[in-house]
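> Based on what follows, work out the 3D shape:
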Amino acid sequence: MRVKKSVLIVLLMTALILGGGISFAVTEWLFVDESQLETTGITEEQYTDMLNELSESVQLPKVVQAFNQIQSNYLNDVTDEQLIEGAISGMLNSLGDPYSEYLNVETMKSFNEQIEASFEGIGAEVSMVNGVVTIVSPLKDSPAEKAGLRPNDQVITIEGESTEGLDLLEAVTRIRGEKGSEVVIEVKRANSEELIPFTIIRDKIPLETVYRDLIEKDDQSLGYIEITNFSENTANRFLEELSALEAEGIDGLIIDVRGNPGGLLEVVQEMLREFIPSDRPYMQWEDGNGEKERFFSNLDEEKPYPLTVLIDEGSASASEILAISLKEAVGANVVGQTSFGKGTVQTTVPMGDGSSIKLTVMNWLSAEGTSIHEVGVEPTIDVKQPDYYYSSPIVLEDTLRPDTVSNQVRFMQVMLEGLGYKLDRNDGYFSEETAKALQAFQADEELTGTGELDQQTADLIQTRIIERIRSGQDDRQKERAIESIIK
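Modelled structure (predicted):
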């Protein structure tokens, strides 16, 4: 029995040490004991030589000993699979890299669904930042966006249980679920210790990742393409919509990747090849030895119209590649706010049983060789949205009345101002003018005009704010992007 267990753990280590070229073949044997060696096509002598070579070249004995000790002496039942998966996760966690992780069979299924742009959940890209589960960006029209989650929100609890000690995959698994089911999470926002609860109904996340529009202004026609994720079919869809806009005759193009958490590297590469000529690189990458590789297109010349890219703090990874490479290589304006700052590339290595390792293998660099990792892409034109875009949700324990002070009052004041109501202050003090503005809102919405803030009124204020944001009528960043093209 012990021989079999030792074989299992050494094969596990073999898969990881020998790398992607043969990891698939090796991990096919993870649950094969020595009596079944003939099914692998390897002789017993070759197998013994392989184990001896590994034992001499790496420090495996104590790993094997730990495996056997647990199996022989641990109080409760434990399976080989539990220990093997725990060992893989432990090795990856020891790297201190939030983007290198073990994807078990269930998590790999969710990962593939996301890359294919089809899954059920709340629709938010999450990452591990300084050991805390953090929202990178809610996806367009997702339950997360509609509920009011924002980039850089820290997820502190899921269903009342702390996320401390969870790895990213465990957190994602707890957040995801079937369409129509409910999940309650609590988040912290920057410069606040207050926990903000969100009750979110999971849904089918939209398949579409590309949206286009034609903007007519000052006798000019501007193409507008929004990209919400870089999934398998995104490049094809983008090129289809771009061709349609160009056929109509455009004087400029705005590419909007605000809130786009990234996706597949090859997808953004395909898009960059459409804009950056062959006489300059469209991007670079750098391996662990500092060796760089530059990538070039076959394009003869630049587009005959100006480009502007919209970014924000929720733009990450592939979105950042697109923005900074177009900025450096063809002089595109970048409008908005500094992006998230993810400048590494991961590869997914199959482990043979449906699970995989996602491993950071290189840094990506811009056309000119710039790294934005943990820094972000700085816009050429910095534009902040109106204050109500950033306001936190109003969550009440009791009805709030005039002559009180709280953050909830401040959130209400900012939102009422965003809806066009006149106030004398927005510092959290519930003044008489605040009560009058609130009473006016209640009257307009056919609520009882108490001038007091109850949860029904708070929920309706927030609904109207979300509607206003989604309408785009106060989208300062988009307006500035239009102005950057129209001369």
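
> Show me how the protein divides into domains.
2-94, 119-204, 210-382, 387-471 (automatic domain parsing).

> next one: the shortest one to chain centre, how far?
Shown here is domain 387-471, whose average C-alpha point lies 31 Å from the average C-alpha point of the whole chain (C-alpha atoms, centre = their mean, to the nearest Å).

> State the mean pLDDT of that domain.
Regarding domain 387-471, the rounded mean pLDDT is 94.

> Same check on the second one?
This predicted structure assigns domain 119-204 an average pLDDT of 88.

> how many neighbours does Glu194 have?
A count of neighbours around Glu194, defined by other C-beta atoms under 10 Å, yields 12. Bear in mind the C-beta positions are built from the backbone N, C-alpha and C, glycine included.

> Contacts only, for the residue nearest to it when sequence neighbours are not counted.
Ranked by C-beta to C-beta, 6 or more residues apart in numbering and with sequence neighbours excluded, the top spatial neighbour of Glu194 is Asn407, at 6.6 Å. Counting by C-beta atoms under 8 Å, 6 or more residues apart in numbering, Asn407 touches 192, 194, 392, 428.

> Look up how far Asp427 lies from the first one.
This points to Ser192. Distance of Ser192 to Asp427, given as C-beta to C-beta, to the nearest Å: 15 Å.

> just Val63 next, same as before
59 Å.

> Have a look at these two and say which one is more surrounded.
With neighbours defined as other C-beta under 10 Å, Val63 and Asp427 compare such that Val63 has more, 17 against 9.

> for Lys436, phi and psi?
In terms of degrees, to the nearest 10, the main-chain angles of Lys436 are phi -70, psi -40.

> likewise Val126?
phi -120, psi 160.

> what's near enough to touch the nearest residue to Arg401 once chain neighbours are set aside?
Using C-beta to C-beta, 6+ apart and skipping residues adjacent in sequence, the residue nearest Arg401 is Glu452, 5.0 Å away. Applying C-beta under 8 Å, 6+ apart to Glu452 gives the contacts 399-402, 435, 438.

> which element is Leu253 on?
strand 252-256 (DSSP states H and E).

> same check, this time on Val267
Using DSSP H and E, Val267 falls within helix 265-272.

> Against Gly343, how distant is the residue lying closest to Glu302 once chain neighbours are set aside?
Nearest non-adjacent residue to Glu302, counting by C-beta to C-beta, 6+ apart: Val330, 5.3 Å away. Noted for Val330: a distance of 20 Å to Gly343, by C-beta to C-beta.

> helix/strand/coil for the closest residue to Phe296 other than its chain neighbours?
Of all residues beyond its chain neighbours, the one nearest Phe296 is Ser278 (5.3 Å), with distances taken as C-beta to C-beta, 6+ apart. Secondary structure of Ser278, reduced to three states by DSSP: H, G, I helix; E, B strand; the rest coil: coil.

> Can you check which strand is longest in this structure?
strand 356-365 (DSSP state E).

> residue contacts, the closest residue to Glu270 other than its chain neighbours?
Nearest residue to Glu270, sequence neighbours excluded (C-beta to C-beta, 6+ apart): Ala235, at 4.1 Å. Ala235 sits next to 267-268, 270-271 when contact means C-beta under 8 Å, 6+ apart.
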